[in-house]
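**Student:** What shape does this take:
(chains A, B, C and D)
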Number of protein chains: 2
Amino acid sequence: MAGITILDVARAAGVSTSTVSNLLNGRTGRMLPETRERVESTIRELGYRPNRAARQLRTGKPQVIGLVVPSVGNPYWGALARYLEAAALTEGYHVLLCNSERDPARERQYVDELVSDGIRGIVLCSSLPSLEHVSGLIDDGLRLVAFDRTAQVDDPVGLVNVSVDNTVGAELMGEHLVSLGHRRIAFVSGAIRSVNRTERFEGFLRALERAGIARPDVVTWPGSSSADGTFGDVEAAELGRVAATELLSGPNPPSAIFAVNDMTAIGVCRAVRDAGMEVGREVSVAGFDDIVLAELYSPRLTTVRQPMKEMAAAAFRALHAPEQAQPTAQATSLLFRPELVVRDSTAAPVS
Amino acid sequence: MAGITILDVARAAGVSTSTVSNLLNGRTGRMLPETRERVESTIRELGYRPNRAARQLRTGKPQVIGLVVPSVGNPYWGALARYLEAAALTEGYHVLLCNSERDPARERQYVDELVSDGIRGIVLCSSLPSLEHVSGLIDDGLRLVAFDRTAQVDDPVGLVNVSVDNTVGAELMGEHLVSLGHRRIAFVSGAIRSVNRTERFEGFLRALERAGIARPDVVTWPGSSSADGTFGDVEAAELGRVAATELLSGPNPPSAIFAVNDMTAIGVCRAVRDAGMEVGREVSVAGFDDIVLAELYSPRLTTVRQPMKEMAAAAFRALHAPEQAQPTAQATSLLFRPELVVRDSTAAPVS
DNA sequence: CGACTCCGGTGTAACGATGCACCGACCATA
DNA sequence: TATGGTCGGTGCATCGTTACACCGGAGTCG
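**Tutor:** Model prediction:
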């Protein structure tokens, strides 16, 4: 089965394997149009499909890209995986899935493994702040896209970052809450170690400053980095719950809470309800990411949408684009415009 | 980079490539222990990793399994993908991800493509009731696991089905609702076309019959099979919402609603709330699957858990297990025991 | 007319790993 | 001393594709 080789095609079409190969690889200028058509129809009739292994062995470049995510069990990464695979498919590429479980060692091992399997393009969703350890691989020709991460000064040359503009997104949300009339707004996050958390926090602060509001409550939580077999999602939600409980029982509780992501926001919602209040009335809650859950949750969550489909497509393009003459000396950053999605979890404060 | 070949190892260790290859493939009995150790340490020192493409070209068997799911954007499939990848990793296998988007044509195309790429093991999460179209491939040696599906009479020989015991799970839930005191219980589902929906419905009915309760309300919905770019999840939730709205506004509304899966249950919850009632008080709502959302939702959803991790591991084992002498003439079915998870969305009916 | 240049191809040596078919040395047996 | 059997390896053809090197014939130019 599936045993039709390029030789079978060549024989059936009365040409050499070289000609078939040339056609397959777009070097079509070297043959008569009629020859070309004859070969093409032979390929179709025989149902020939090139053998990827042989092709890779020869060229060293498999038609596969790697995707390293913390866990596809998390709907955010699941969505990325889905759209990235769709984008890859349009060019005949496949996606190899790797779950790092947020373990830096595993993450590194996956990348090494993929590289030594000959894979030349990887989308890496790293939990590591620094990507220095891959700069050697990039120098050796690996195409590396860091997803959900913006460029840093010490980024390896050649690295492409794909991310939503966290600062703008958080600003949008800050403005939204302010425009509803909120004046005491808290920001809830796990430890602000990662780049995008920092950016979200800063964007948020900027919006408040512009509105002449004093520095808001900020609750961050150390957050255990345990990978205990859960997706980490439940953990994020729990963090939101604990933080919000503390805030609401404090002396001067906020009328709105902006969580660093949707999972945390969901935890916040639970705390609000546990405190006997209604989300979207007594307390407004906002998230970030717009994962599927956000629309399904009750109340439907006001959040900031990341254009996942476009971001995934861009990530693939960056991997697949033809080699460019030395790219900008600095690492590239592809920033996408976030979109405010107002649903039911935010409203004007009760006066 | 990564340019170390088996020849480099052989030269450095002072043996032939055959000996290295023998060692690599477990034919260790053919050499002196000291030779073996020398080669092993050389491999380690040089950081040699066998080239998968070359190995596959020679053996025809890549160290890769294929996973075809409707969409990894759906947390249920995301969880499967995660655990399957973890299981595969333990044996050095990688997972190639394919999203069929519930399109039968795409599903078929993916399988054909994987097969002609030489892949010998596929986990298929088909939306098709019949799997006849793959029986030819199975006869040709493809290992095929159908996930979330129980054996059918016309299944191709050699097919392995992995699924939770839907009947038992639904029975468990039926008993739970009855034991709480519910007497009018509705079952909400999309069109009961698929096998597991039928089984869930039957298990549910059985529990009610045993309790001497008359045939409950059943609401099914045709359900558009559109793949409009959503994950289908939102659609499932919407279905639950519409169905529950109708039930609750009817003449003799149920005190409990059992939805065919968690997504639908979430839609039901929304309808209940929209009707001005509280889930877990006026109306009990139950789901099936225990996706991450179930625990995060508000109220936390009572549901039936599928032991995903074990099921994924079993699926991989079925693909990877050594060829057995002609397996049972009939297709195999691996049924897993579901577990009732009682949370906050179900309670005794208000009297 | 001889030297060039295109055109439309073809021949073939790799790519790296595998595993069957060998092979020489040594030992036991008859 | 001939025969045969292990042991501990090695030699090499092979998998399907690619792309560089080459080639014969026709046309062009001076």
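**Student:** gap between the residue of the stretch 151-300 of chain A found nearest DNA strand C and residue A:184?
**Tutor:** Here the stretch 151-300 of chain A gets closest to DNA strand C at one residue, residue A:158, 23.4 Å apart by CB to the nearest atom of the strand. All C-beta atoms are positioned from the backbone trio N, CA, C, and that covers glycine. Applying CB to CB, to the nearest Å, the value for residue A:158 to residue A:184 is 45 Å.
**Student:** swap in residue A:213?
**Tutor:** 9 Å.
**Student:** Residues of chain A that sit close to DNA strand C?
**Tutor:** Contact residues (CB under 7 Å from any atom of the strand) of chain A with DNA strand C: A:14-19, A:22, A:29-32, A:35, A:54, A:57-58.
**Student:** Buried ones only from those, please, as a ChimeraX command.
**Tutor:** Restricted to buried positions by 16 or more other CB atoms under 10 Å in any protein chain shown, the ChimeraX selection for those reads:
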select /A:15,19,22,31,35,54,57
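**Student:** re earlier: who's more crowded, residue A:158 and residue A:184?
**Tutor:** residue A:158 (21 against 16; other CB atoms under 10 Å in any protein chain shown).
**Student:** Skip the chain neighbours and tell me the closest residue to the more buried one.
**Tutor:** Once flanking residues are discounted, residue A:158 sits nearest to residue A:138: 4.5 Å by CB to CB, 6 or more residues apart in numbering or on different chains.
**Student:** re the thing from before, does the residue of the stretch 151-300 of chain A closest to DNA strand C touch residue A:141 like I think?
**Tutor:** No - at 9.2 Å, residue A:158 does not count as touching residue A:141 under the criterion of CB atoms under 8 Å.
**Student:** Quick check: neighbours shared by those two?
**Tutor:** Listed contacts common to residue A:158 and residue A:141 are nil; contacts here mean CB atoms under 8 Å, 6 or more residues apart in numbering or on different chains.
**Student:** packing partners for the helix or strand that contains residue A:43?
**Tutor:** Assigned by DSSP states H and E, residue A:43 belongs to helix A:33-46. Secondary-structure packing of helix A:33-46 (3 or more CB pairs under 8 Å, 6 or more residues apart in numbering or on different chains; DSSP states H and E): helix A:6-13, helix A:17-24.
**Student:** what do you get if the cut-off is 6 Å, keeping everything else the same?
**Tutor:** helix A:6-13 (3 or more CB pairs under 6 Å, 6 or more residues apart in numbering or on different chains; DSSP states H and E).
**Student:** any idea how far residue A:345 is from residue A:299?
**Tutor:** Separation of residue A:345 from residue A:299 (CB to CB): 5 Å.
**Student:** cool, residue A:44 as well?
**Tutor:** 55 Å.
**Student:** What ranges does the stretch 251-351 of chain A have for its strands?
**Tutor:** For the stretch 251-351 of chain A, the strands defined by DSSP state E, counting those that start in this stretch cover A:256-259, A:284-286, A:303-305, A:332-336, A:339-341.
**Student:** Redo these as TSV? Include distance to chain B and mean pLDDT.
**Tutor:** Output for the strands of the stretch 251-351 of chain A, formatted as TSV (distance: least, CB to the nearest CB, whole Å; pLDDT from 0 to 100):
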stretch	distance to chain B	mean pLDDT
strand A:256-259	13	96
strand A:284-286	12	98
strand A:303-305	14	98
strand A:332-336	18	92
strand A:339-341	14	98
